[in-house]
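Novice: All I have is the shape, not the residue letters:
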């Protein structure tokens, strides 16, 4: 497929848990937390894929694995066709850092509090020798800051992170990533810790970057509404698996999976006109250890049938580009 | 029951300051609202707007550096209004938790980690003598059941509870003495979407079953739309606008309210433009002379810079601290 | 749409700026600087040179303070004031030198152990625990007795036995800094591990090392004084410990020669106190300040509600 920047195939990430108790059986078999249990997706140039899920869904882990920041337990991560995990282990690992970058959730701890903005944005330039002269370096830094919306850049160069607001800090982090001209950007809940009135700034910035730089982006969030605003395609995760995936319009207009439908029905809407019937699920997302046989969502599913306990559904296409993992759709 | 028009809770011109070495911070300025029995009010604002401070002031729980410098908090008790702020400490004890209780933000911080949840509820019940000694255990079970936690969990510790369950446990503790007013400070923040919906449903249920008046403090306009009858929007310590919930969303008048509402992505209209407000709120120890939103307001005039606007009654129950009217918006466009 | 120029938030200022405001720190610093001054200018300030041989008469033995000898004379007739002034040199030299070794070793071990984790961490920590479990002064006694009483040996012994404490503190801090997002971000940018340790982790650890160093210097000074007091110091050098040793072994107590015993003791107290004050000030500064969102402690409030502790009426009508 042309234009595919990132491809993830059957990604799995397990964490082993230390077993409690001293029985021989427990010593022998380790308990594994199946944080990510077989995820596949691909992202094209100039496309934003939103990975949506609640806590325990494995979305952040998936994001980190897709960058090889956290090596996956199994599965492939291909960047422009090359195996990213292998490349990160090879001598070309530094080169790879230039191509894949991440924006983290917490703007208050993602910048070194002792470095001025100039030094922060300069770091990647120095590490990768992206500029030959001081003037060139200065120019690159200013360009990146202005690209990230901090105008005029000169005003910000001399400041420490504590002199910046949350939104401005996030922009500095984005400028840092931009300076490297990456192909693939992972944004992990970039605005969830910001005040509501400035969240849109960061979201709009991401849109602008996608359009101007043709970036392939993975937007990780628990907020369906912002995913709807931002994404070209959406994948909904539950307990380490993708349960539904498809183009944003299609998915939000026509959700197929019971989990997606439930989530959409409870999204807080700033208005009273929406008279959606709310499907409030009982209980909370269980721990991804000792998963039940059959469908993972079955214990909480409002429309489960007896076969759901036996069959673990695969993602299957129901409409153009729109896939669901639910046996009810494939009957 | 005497028929009267006295509201259950009435706050008049509340002003709260923090006196710390760095200076005097006026966190709440002339806040006023009233609440009827069985109704709910949502107080909406962003970080630093003073909403949590105002609630703590209502219960007189400010830290040492906090000072209530002006105002009245009138609670209706047997047909009369009593000013909580002017009660003596021993009188206050009768009111706190018995008549007005609070659920704090971040339940994990508010629950004692080394004691079981049941024992903490028991302590509240015994201290306030709300039920006879032999009924205490029954009451604990009842309270937990009321909030949707299985009574079997009463002997577990807070860290053994999930996030949503802790929030419920906090609500159970707050309801121990069957108060008339429940204040919930960001009850749904940091919870998953589904759990948020569960908690909001729980609050709605309690509001109806117990005829509870609820004040919900939050930054989440969506939660407010779900639960509340009236909405009060705060900015930099002052009320910007207050109105019934439909009015706030359909006919907002204050520029801040309008921008805030359009900053929320709407899943029913996902590609609509999202607004943002550039800049940030004023420092509370260096407040501007005039309207506090003026530096970020695109419709400000010279008058706005000079003096703080008075509260205008736009229509019945709809108040706005801005001289602008809806027709001005059409002209501005 | 008007673009309003938002004011820049003020920076909180440098470390020294904050230190200046701390009463404890400033008092401690002054005392310490006075002692350093005295040590540096000892030949100028001391009325006599205790290293010069002098002829003493019977009257000079443990003579009380007089016009010529403000703090009196010791059993060999030497001026005690000069002894104390010169003694400061040894204490400070040992204090600093041993502390340098301690901090250096402690940092190396703490940084590698904390950052690398895994088997290296386990190994280094087992070694550290071993050192910590051994009582230091007795071990120092044994080593000095075996290797000989020289200044170098004392410095080495104190330095080499004190690093584990610093290593533990450094390791703990490194482990917490390592988890912070900006370190993860540095890794994702492509910095090598040594670069991350130097540029990002070490600066965060530095204030803690500074606080710990004041304790290390203090400890080293007292350790040297102890060793000298026990007779294991370099016999050719004048130190407060050795002066005290002489005082006790030559019977200053029975003679009531308070002027012989008190001054070196007071000097030790002063230097330790000054270092403790500086250390306290540094620790107060490096403790994270509470942000404005946490102006109250929720648990305290809930317990207030449950126990109904009497709160004063807090309305003040403002002017």
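Specialist: Here it is on my side, so go on. Just so it is clear, the structure is predicted and the values come from calculations on it, not from any experiment.

Novice: Please count neighbours and contacts with C-alpha atoms only from this point.
Specialist: OK.

Novice: leaving aside the residues next to it on the chain, what's closest to residue B:311?
Specialist: residue B:321 (4.3 Å; CA to CA, 6 or more residues apart in numbering or on different chains).

Novice: got the residues of the stretch 101-250 of chain A near chain B?
Specialist: A:165, A:195-201, A:204, A:222-226, A:228-229 (CA under 8 Å from any CA of the partner chain).

Novice: residues near residue 136, how many?
Specialist: No chain in the question, so chain A it is. 12 (other CA atoms under 10 Å in any protein chain shown).

Novice: try again with chain B
Specialist: For residue B:136, using other CA under 10 Å, the count is 18.

Novice: can you check residue C:126 too?
Specialist: With other CA under 10 Å as criterion, residue C:126 counts 12.

Novice: helices and strands around the helix or strand harbouring it, which ones?
Specialist: Using DSSP states H and E, residue C:126 maps to helix C:118-133. Packed against helix C:118-133, as judged by 3 or more CA pairs under 8 Å, 6 or more residues apart in numbering or on different chains; DSSP states H and E, are the following elements: helix C:80-116, helix C:151-178.

Novice: Check what pLDDT the closest residue to chain A within chain B gets.
Specialist: Closest residue of chain B to chain A, CA to the nearest CA: residue B:222 (4.1 Å). pLDDT recorded at residue B:222 is 86.

Novice: and it, what is it in contact with?
Specialist: A:267-271 (CA atoms under 8 Å, 6 or more residues apart in numbering or on different chains).

Novice: Residue C:42 now?
Specialist: Going by CA under 8 Å, 6+ apart, the list of residues near residue C:42 reads C:85-86, C:89.

Novice: Could you confirm residue A:75 falls within a helix?
Specialist: No - the assignment for residue A:75 (DSSP: H, G, I helix; E, B strand; the rest coil) gives strand, which keeps it out of a helix.

Novice: Touching, residue A:60 and residue A:222? I think so.
Specialist: No - at 10.3 Å, residue A:60 does not count as touching residue A:222 under the criterion of CA atoms under 8 Å.

Novice: Next, show the common contact partners of these two.
Specialist: In contact with both residue A:60 and residue A:222: no residue, using CA under 8 Å, 6+ apart.

Novice: where do the helices sit along the stretch 151-300 of chain B?
Specialist: Listed in chain order, the helices of the stretch 151-300 of chain B (DSSP state H, counting those that start in this stretch) span residues B:163-174, B:193-209, B:221-227, B:245-250, B:255-262.

Novice: and if you look at chain A?
Specialist: Here chain A has its helices, by DSSP state H, at A:24-28, A:59-66, A:84-89, A:93-99, A:117-128, A:134-147, A:154-157, A:166-178, A:196-213, A:224-230, A:248-253, A:258-266.

Novice: do you know which of those helices lies nearest residue B:30?
Specialist: With CA to CA, the closest approach to residue B:30 among the helices of chain A belongs to helix A:196-213: 23.8 Å.

Novice: count of residues packed around residue B:323?
Specialist: Using other CA under 10 Å: residue B:323 sits among 14 other residues.

Novice: oh, I was asking about residue A:304
Specialist: What residue A:304 shows, counting by other CA under 10 Å, is a neighbour count of 17.

Novice: Next, it: phi, psi?
Specialist: phi -70, psi 150 (degrees, to the nearest 10).

Novice: before we move on, what about residue B:50?
Specialist: Taking degrees, to the nearest 10 as the convention, residue B:50 sits at phi 100, psi 0.

Novice: same deal with residue A:257?
Specialist: Dihedral angles (degrees, to the nearest 10) for residue A:257: phi -80, psi 140.

Novice: wait, doesn't it sit right on residue A:246?
Specialist: No - under the criterion of CA under 8 Å, residue A:257 makes no contact with residue A:246, lying 11.6 Å away.

Novice: re earlier: out of the helices of chain A, which is closest to residue B:10?
Specialist: Judging those by CA to CA, what sits closest to residue B:10 is helix A:196-213, at 28.9 Å.

Novice: Could you give the number of residues near the residue nearest to residue B:311?
Specialist: 20.

Novice: ok, now residue A:78?
Specialist: Neighbours of residue A:78 (other CA under 10 Å): 21.

Novice: how near is the residue nearest to it when sequence neighbours are not counted to residue A:220?
Specialist: Nearest residue to residue A:78, sequence neighbours excluded (CA to CA, 6+ apart): residue A:7, at 5.0 Å. Residue A:7 sits at a distance of 16 Å from residue A:220 (criterion: CA to CA, to the nearest Å).

Novice: Neighbour count for the two, which is higher?
Specialist: Neighbour tally, residue A:7 and residue A:220, criterion other CA under 10 Å: the higher count belongs to residue A:220, 24 against 20.

Novice: Now do the contacts for residue B:19.
Specialist: B:25, B:65-67 are the contacts of residue B:19 under CA under 8 Å, 6+ apart.

Novice: Now rank those residues by neighbours and give me the top one.
Specialist: Neighbour-wise, these (other CA under 10 Å) top out at residue B:66, 25 neighbours.

Novice: give me every residue that touches that residue.
Specialist: Contacts of residue B:66 (CA under 8 Å, 6+ apart): B:16-19.

Novice: Same check on residue B:196?
Specialist: B:164, B:188-189.

Novice: ok, now residue C:77?
Specialist: C:54-57, C:60-63.

Novice: Phi first, then psi, for it.
Specialist: phi 90, psi 0.

Novice: Looks like residue B:17 contacts residue B:24 (just checking).
Specialist: Yes - using CA under 8 Å, residue B:17 makes contact with residue B:24 at a distance of 6.6 Å.

Novice: Between those two, which has more neighbouring residues?
Specialist: Higher neighbour count among residue B:17 and residue B:24: residue B:17, with 21 against 15, using other CA under 10 Å.

Novice: Just give the nearest non-adjacent residue to that one, would you?
Specialist: According to CA to CA, 6+ apart, the nearest residue to residue B:17 is residue B:26 (4.3 Å).

Novice: Phi, psi for that neighbour please.
Specialist: The phi/psi pair for residue B:26 (degrees, to the nearest 10) is phi -90, psi 100.

Novice: rewinding a little: now tabulate the helices of chain A in CSV and tack on mean pLDDT and distance to residue C:44.
Specialist: CSV is the format used below for these (pLDDT from 0 to 100; distance: least, CA to CA, whole Å):
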stretch, mean pLDDT, distance to residue C:44
helix A:24-28, 53, 73
helix A:59-66, 93, 66
helix A:84-89, 88, 65
helix A:93-99, 89, 60
helix A:117-128, 94, 48
helix A:134-147, 94, 52
helix A:154-157, 91, 51
helix A:166-178, 93, 56
helix A:196-213, 91, 67
helix A:224-230, 92, 76
helix A:248-253, 92, 84
helix A:258-266, 93, 83
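
Novice: Around residue A:306, how many other residues sit close by?
Specialist: Residue A:306: 8 neighbours (other CA under 10 Å).

Novice: That should have said residue B:7, apologies.
Specialist: So residue B:7, with other CA under 10 Å, has 15 neighbours.

Novice: now do the one 5 residues further on
Specialist: As a burial measure, residue B:12 scores 16 neighbours (other CA under 10 Å).
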